[in-house]
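**Q** Turn this into a model:
(2 chains)
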Amino acid sequence: MGRARTIARRSFLIGSAAIVGGVAFGTYLIKRPIDNPLLADLTDGEATFYAWVKIDADTITLIGPHADKGQGAVSSQAALIADEMDLDFGQFETSFGLPSNAYWNTAFAEEGAPFMATDEGFVAETVRSALGGILKVVGMQATGGSTSMADSFDKLRHAGAVARETLKLAASKQTGVPVAQLKTKSGAVILPDGTSISYQSLAAVAATIDPVQDVTLREPNEWRLIGKPMMRLDIVGKSTGTLPYGIDLTVDGMVHASVRTNPRKGGMVISFDASVAKSMRGVLNVLEIDGGVAVVADNTWRAIQAVNAIDVEWGEAPYPDEMDAHWQVLTDTFTPDRLDRKWRDDGDVDAGLAAGSVIEAEYRSPYVGHAPLEPLNAIVTVTDARVVVWSGHQGPGQVQNAIAKVTGHDTDQITFHNQYMGGSFGHWIETKHIQHAAEIANQMRGTPIKLTYSREEDFAQDFTRQPAIGRAKGTVANGQVDTIDMSIAMPSVLASQGGRAGVPVPGPDASIATGAWNNPYAIPNFRMQAFRAPELAPTSSWRAVGATGAGFIFDSFLDELIHHAGADPMAERIRLMDHDASRIVLETVAKMSSWGGELKLNQGRGVAFVESFGVPVAEVVEVTATDRGIRIDKVWVACDVGTVVDPINLENNVQGGVIWGLGHAINAEITYSEGMAEQTNYHAHEGMRMFQCPEIFVRGLENGHKVRGIGEPPVPPAAPALANAIFAATGQRLREMPFNKFIDFV
Amino acid sequence: MQITVNGELRNVDVEDNMPLLWVLRDELGIMGVKYGCGIAQCGACTVHMDGVAVRSCQVAAATAVGTEIKTIEGLGTPDNMHALQQAWTEHQVAQCGYCQSGQIMQAATLLEMKPEPSDDDIDAVMSGNLCRCGTYPRIRAAIKTAATKMQEA
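**A** Numbering: from 1, shown residues only, chains lettered A, B, ... in the order given. As a prediction, this is how the structure comes out:
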């Protein structure tokens, strides 16, 4: 881990600050200029301080700025600090902190760079860090792209180590015992005679001394928490109904609001009649907001009932009304002027195609909704002096920007208290609901407004996953895969998100091609071209983003070629694999599943491999073709995250990712008619329910060189592995999701 | 009207047709019961009415009068957890956790009906409770652990 130490020394300077009754350890950020904030010589007044660790006479608080939408970020971030500080779970509180540029997420930029995550060469590393630099300037405290662990791993451990060594120095000053003779354990400095001095009682002294900068991060064999099964900090609260989500909060004087905005997303309100709504019990106010109407009432249900009673004439949709027209736009996108980027052009594809009998196929991946179980909500209070917001969100800075646009406040007048989220999958990175809450609160200054979307509004206004069409040609030779010529067309999700946020997104959109171009296979002739479709219905990041569509397209076609070659699907993928950690992932999943062993009558198995977010993942799905339809029996997953921070949380996230990938692949799509999503609630878009859920066996490997996140990477291989298994069991090749349009599932 | 929740008689002034879900959450401040869909498709609002799991979004306030309503808060507390809640903790079932109050209340009814449920029993009774995070494998395991513990007790 010498390398980690070097990175830590070079990148982070942890300072300290006196707080009431104690000390805080954190990062200083000079507001302007921003050229090199962390290494600048700081004096009071020039800099703002952002804490990672706060200790006062009573309480130790660990701050993890990455939001928790169920993936366990609160516990994992705290564990990184606590391991270095010798704190035990139960000895500290946690906080998401307030929005800050100091909490920028440099790892987020890595996935936008046009280099394979498995390419750790000089050029790729350089570009990744350059993009990280841009994010530092614009300020991006975001949770997404499975980056929470990658971003935090060195930073938070370093903060913990500085805090530990500074507390030891404080104890030394207080007792006269040399630092070298001091140890730390369970939240205390231990003297040679065994006397224990709690961190809390050292906090005031620690605030008066310069923090110790020359710290050594612990070696993996010294870790007490990292890599061991942890009991998540939120688990009791979530098992007893006592952990509050944003939707559960109340503020003194609060009233309840609900909205209906044009179900032709982005369309206008032509006219509305609220006379019935105004007369309904509990209704306090009816307001017009951007693209819709709002009711304020004394109870959420009354607000929803009343807003649904408003008769609204909606304007046109800014995208095609009918689904066929959406698909037609994608079909028409495979033209030279729509080429976004040629991501791979290895060997001689044209010669390869000319040399063999060409196999051709086309695939489709539909719009899919996020629909986390907690409907969108936010509490906003606007006064002339400031705005206070209580809500879950993946991007605190975006929350401030969205509010500022509505109310005219400066962002530093806007206080955002982030909350645990009831799922997200990319839903809580959008800001329309925040904007709507702010619009209502701005028209009723001084009154705290709690906006709750109805489930129907949440579905109607979801910015879904982008749809995709993939076209591929290929050949096989001598029982091996020889040539793949693949083109994928998608609208740009980045352009859709950037358009709403007012941020231009120059250059190619990697999310069109990721999952297809970046799998580290050495296919002799391989061309992969991404075509950017014009924007259609608005889209947003959906768990694993473009890799769910592109990964399905790529791996499905690879499987078709392997079958044409007469090769074994596992053996041929392993033979083609040109990256050690990825090959081991495939070999591991083969061993876990006893690939090649005997199957029962009507059973079939499929394997798929997709690398996304730097994590190679291989999955084997086993199905049985029953007389009532396909039953998914078992799934085996091997993935490589470099370092497993918490094996239980990894297993849970992987199982959830597989279920997410399978459930939507078989059951779910969003379609448009008259410009409106036809699926209005879970009865029409449910993902997976328990009766369809297979047994799922998981192994996390640590051969990769970087620490990676596991929230998203298990999703992309699930759909192609299932389609490949169904082919193996039935001979039927499914090339379009959701599969239940073509085949029954039990 | 008066509604008995977790053993306490509570006065509320609401429309007869206000769903029990919203009486509990907005009128009584009992937040363990969750709003997910409003149409009995997700089960996040599951509570017990006279000992049986019901979707509180589908129970009119007037219907709840004269019954015993129990929410997750009445099943157990962090200091005194029900066997199911202990099993949920031991297996670390929750991811986002938003559906888990409803899952646990549904599981409690399952174990009342079938103290030793088979895999098929669990799937049949629990499939009305949606978990978007996909914690189903752990829910199955936790129900079995709780069933064993309750049998031993």
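
**Q** Count the residues that sit near residue 78.
**A** You didn't pick a chain, so chain A it is. The local packing count at A:A78 equals 25, with neighbours defined by other CB atoms under 10 Å in any protein chain shown. Every C-beta, even on glycine, is put in place using the N, C-alpha and C of the backbone.

**Q** I was thinking of chain B, sorry if that wasn't clear
**A** Applying other CB under 10 Å, we find 14 other residues in the vicinity of B:P78.

**Q** now swap in A:H256 and tell me
**A** The number of residues packed around A:H256, counting by other CB under 10 Å, is 24.

**Q** Quickly list what it is bridged to.
**A** Beta-bridge partners recorded for A:H256 (DSSP bridges): A:A297, A:K450.

**Q** is it true that it touches A:N299?
**A** Yes - the pair A:H256 and A:N299 passes the contact test of CB atoms under 8 Å, sitting 5.8 Å apart.

**Q** quick check, whichever strand or helix holds A:I584 touching chain B?
**A** Of the helices and strands defined by DSSP states H and E, A:I584 is found in helix A:580-592. No - with CB under 8 Å from any CB of the partner chain as the measure, helix A:580-592 is seen stopping short of chain B, the closest distance being 15.7 Å.

**Q** Got the phi and psi for A:V205?
**A** The phi and psi torsions at A:V205 (degrees, to the nearest 10) take the values phi -70, psi -40.

**Q** could you check the distance from it over to A:S196?
**A** Using CB to CB, to the nearest Å, one obtains 16 Å as the distance from A:V205 to A:S196.

**Q** per-residue pLDDT, the nearest residue to B:L110 once chain neighbours are set aside?
**A** Sequence neighbours aside, B:V125 is the residue nearest to B:L110 in space, at 4.4 Å (criterion: CB to CB, 6 or more residues apart in numbering or on different chains). With respect to pLDDT, B:V125 scores 97.

**Q** ok, the residue positioned nearest the centre of chain B - contacts?
**A** Residue closest to the average C-alpha location in chain B (CA atoms, centre = their mean): B:M105, at 2.5 Å. Remark: with contacts taken as CB atoms under 8 Å, 6 or more residues apart in numbering or on different chains, B:M105 is in contact with B:T46, B:V47, B:H48, B:A53, B:K70, B:T71, B:I72, B:L75.

**Q** Which stretches in chain B count as strands?
**A** Taking DSSP state E as the criterion, chain B carries its strands at B:2-5, B:8-11, B:46-49, B:52-55, B:68-70.

**Q** Return the most buried member of the ones you listed.
**A** Stretch with highest mean neighbour count among the strands of chain B: strand B:46-49 (a mean of 25; mean count of other CB atoms under 10 Å in any protein chain shown).

**Q** That strand near chain A at all?
**A** No - contact of strand B:46-49 with chain A is not found when judged by CB under 8 Å from any CB; the minimum separation is 10.4 Å.

**Q** Let's test this: mean pLDDT of that strand, rounded?
**A** Strand B:46-49 comes out with an average pLDDT of 98.

**Q** who's in contact with that strand?
**A** With CB under 8 Å, 6+ apart as the contact definition, strand B:46-49 has outside contacts at B:20, B:24, B:33, B:53-56, B:59, B:64, B:67-72, B:74, B:101-103, B:105-106, B:108-109, B:129.

**Q** With only the CA atoms kept, save it in PDB.
**A** Coordinates of the C-alpha atoms in strand B:46-49 are reproduced here as PDB (Å, rounded to 0.1, in the frame of the first residue of the first chain):
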ATOM      1  CA  THR B  46     -48.900  -2.600   5.400                       C
ATOM      2  CA  VAL B  47     -50.300  -2.500   9.000                       C
ATOM      3  CA  HIS B  48     -52.300  -5.000  11.100                       C
ATOM      4  CA  MET B  49     -56.000  -4.600  11.500                       C
END
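
**Q** Provide the strand pairings for it, with the direction of each partner.
**A** Counting by DSSP bridges, the strands paired with strand B:46-49 are strand B:52-55 (antiparallel), strand B:68-70 (antiparallel).

**Q** Quick one, which of these gets closest to A:N724.
**A** When the strands paired with strand B:46-49 are ranked by proximity to A:N724, the top entry is strand B:52-55, at 38.1 Å, counting by CB to CB.

**Q** Quick one: distance of that closest one to the chain centre.
**A** When C-alpha coordinates are averaged (CA atoms, centre = their mean, to the nearest Å), strand B:52-55 and its chain have centres 7 Å apart.

**Q** Please work out which residues outside it touch it.
**A** Identification of contacts with strand B:52-55 by CB under 8 Å, 6+ apart yields B:A40, B:G43, B:C45, B:T46, B:V47, B:H48, B:M105, B:Q106, B:A108, B:T109.

**Q** With stretch A:268-288 instead?
**A** Stretch A:268-288 has contacts (CB under 8 Å, 6+ apart) with A:255, A:262, A:291-299, A:302-303, A:305-307, A:309-315, A:439-440, A:443-444, B:15.

**Q** What about residue 58, how many residues nearby?
**A** You didn't pick a chain, so chain A it is. 9.

**Q** was after chain B, sorry
**A** The burial metric for B:Q58, expressed as a neighbour count using other CB under 10 Å, is 14.

**Q** Reformat the strands paired with strand B:46-49 as TSV; add mean pLDDT.
**A** TSV is the format used below for the strands paired with strand B:46-49 (pLDDT from 0 to 100):
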stretch	mean pLDDT
strand B:52-55	97
strand B:68-70	98
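
**Q** Columns distance to A:T94 on top of those, output as JSON lines?
**A** Written out in JSON lines, the entries for those read as follows (distance: least, CB to CB, whole Å):
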{"stretch": "strand B:52-55", "distance to A:T94": "33"}
{"stretch": "strand B:68-70", "distance to A:T94": "31"}
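
**Q** Quick one: closest of those strands to A:V615.
**A** Comparing these by their distance to A:V615 (CB to CB), the top pick is strand B:52-55, with 38.2 Å.

**Q** out of A:V205 and A:S196, which sits in the more crowded spot?
**A** Of the pair A:V205 and A:S196, A:V205 is the one with more neighbours under other CB under 10 Å, namely 19 against 14.

**Q** how far away is the more buried one from chain B?
**A** According to CB to the nearest CB, to the nearest Å, A:V205 stands 35 Å off from chain B.

**Q** quick revisit: which ones among the contacts of strand B:46-49 are found in helices?
**A** Among the contacts of strand B:46-49, the subset assigned to helices under DSSP state H consists of B:L20, B:A64, B:I72, B:G74, B:S101, B:G102, B:Q103, B:M105, B:Q106, B:A108, B:T109.

**Q** so what's the residue nearest to B:E27 when sequence neighbours are not counted up against?
**A** For B:E27, the nearest residue in space outside its immediate sequence neighbours is B:V12; the separation is 4.9 Å by CB to CB, 6+ apart. Going by CB under 8 Å, 6+ apart, B:V12 touches B:M1, B:Q2, B:I3, B:V23, B:E27, B:L28, B:A61.

**Q** Give me the pLDDT for A:A57.
**A** The per-residue pLDDT reported for A:A57 equals 89.

**Q** I figured it hits A:I19, correct?
**A** No - because the distance of 10.7 Å does not satisfy CB under 8 Å, A:A57 is recorded as not touching A:I19.

**Q** now what about stretch A:79-86, what contacts it?
**A** A:52-53, A:62, A:64, A:87-89, A:91-92, A:152-153, A:156-161, A:163-164, A:184-187, A:199, A:217-218, A:223-226, A:230, A:645-646.

**Q** tell me the mean pLDDT over that stretch?
**A** Stretch A:79-86 shows a mean pLDDT of 96 in the predicted model.

**Q** Format the CA atom coordinates belonging to that stretch as PDB.
**A** In PDB, the C-alpha atoms belonging to stretch A:79-86 read as follows (Å, rounded to 0.1, in the frame of the first residue of the first chain):
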ATOM      1  CA  ALA A  79     -15.900   2.900   8.400                       C
ATOM      2  CA  LEU A  80     -13.000   4.400   6.400                       C
ATOM      3  CA  ILE A  81     -12.500   7.200   8.900                       C
ATOM      4  CA  ALA A  82     -13.300   5.000  12.000                       C
ATOM      5  CA  ASP A  83     -10.700   2.300  11.000                       C
ATOM      6  CA  GLU A  84      -7.900   4.900  11.000                       C
ATOM      7  CA  MET A  85      -9.200   6.600  14.100                       C
ATOM      8  CA  ASP A  86      -9.700   3.400  16.100                       C
END
